[in-house]
Structure formats: C-alpha cells, structure tokens
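Chemist: Make a model of this:
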Amino acid sequence: TPAAEINTELDRYTEAVDAAFASFDKLGQVPTKDELREAVAEFLGRNEREDFTVVQAFDQFIKERGERNCWTYRRYQKFWAIKRRLLEFNERPTWEDFREDRLYDFVAYLRTRTCVNKKAEEGISTVKDATIEKSISELKWFLKWADQKGLLPYNDYIHFKPKFQKIDDS
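Modeler: Prediction:
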C-alpha cells in the first residue's frame, strides 16, 4: 500500500477522533473508551462491530495469532473446536453472547455435552471441568483480542470466573 494512501486513512481517523472529542466537549463530558470508540465509528460512517461478525472475528483471530505465535496444528484444532462449540451453542453468535450471563450459559452448555471416550465403558462420557476450564481460558484470549480491536462492546469476560471442579490426583 502506498504511503499516500496510508497517510490519507490516518488523516481520516485523526479527523474522526477530533470530531468525536469535540462533540463530547460540547456536552461537557469526558467519554469512556467505549463511548469514544462508538463516536469515532459513527464519524467514520460505519459501525465496526456490525461489519465484523463474531465468526469473521474468530477466523481473523485464529489466522493472526496462529501466524504470530507459530501455533502447532494441535493448537489450531483446539481453537477450531471452540469455534464449533460456539456455533453449536448459537448458530449465529453475536457480541451480545459474550455478556456475563450468556458466558455462564455457554459453560452450562459445555457441561451438558458428551464426547466419545474410548476408555469409558459405554464409549461416551461428559466433558470434564478441566477441559471446559481450558476452553474458557482460550475463549477469553479471543475476547481480549476482540476487545483490543474495538469489536467487543462489553468487557464482561474480565470478571467472568466460573467455578470448576478440581480433580485431586493424589
């Protein structure tokens, strides 16, 4: 991309930020991070959250983080599984699905799932809390990334700490 195009886009963003601050100044308000982000998006003529679906964002996260962190194939599989579980939970996930109450619903859904287990007598067992805990930890990694990109309207994930059963190996 030529430098002139990059500079033009940077100027456009600078003008949007200046205009957003000016509108809050007229109201005598100091905007929060989210309020400023929304105002800038409005001045740019689009709402980034609506333009970028959860599925698109998840795919972008996997691509970006996978390349940056040199993920193994196994790590990609784990994130593809999380994405698949989200889509099983809600066919059309929205950013609203990452409110705290919906995150607890997602954990409850994961607890009711069963999986094929070659060691179990019937060959089927429920997903263990340790597996769910790891999945939630990785989901939070995605949510933090989405928050930093300005896609996530809420930061409920920060305070979201579901309780999991700890298995004592001794």
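
Chemist: State the helix or strand in which residue 139 lies.
Modeler: Element membership of residue 139, judged by DSSP states H and E, is helix 129-148.

Chemist: what's next to that helix, contact-wise?
Modeler: Applying Cβ atoms under 8 Å, 6 or more residues apart in numbering, the external contacts of helix 129-148 come out as 57-58, 61, 64-65, 78-79, 81-82, 85-86, 95, 98, 103, 107, 110-111, 152, 155, 157, 160, 162, 164-167. Quick note: C-beta positions are derived from backbone N, CA and C, even for glycine.

Chemist: cool, stretch 74-83 as well?
Modeler: For stretch 74-83, contacts defined as Cβ under 8 Å, 6+ apart pick out 55, 58-59, 61-62, 66, 135, 138-139, 142.

Chemist: Distance from it to the middle of the chain?
Modeler: On the basis of Cα atoms, centre = their mean, to the nearest Å, stretch 74-83 is displaced by 14 Å from the centre of the chain it belongs to.

Chemist: Show me which residues of it are buried.
Modeler: Of the residues in stretch 74-83, 79, 82-83 count as buried by neighbour count, 16 or more other Cβ atoms under 10 Å.

Chemist: Helices along this protein, start to end?
Modeler: 3-26, 33-43, 48-51, 54-69, 73-89, 100-112, 129-148 (DSSP state H).
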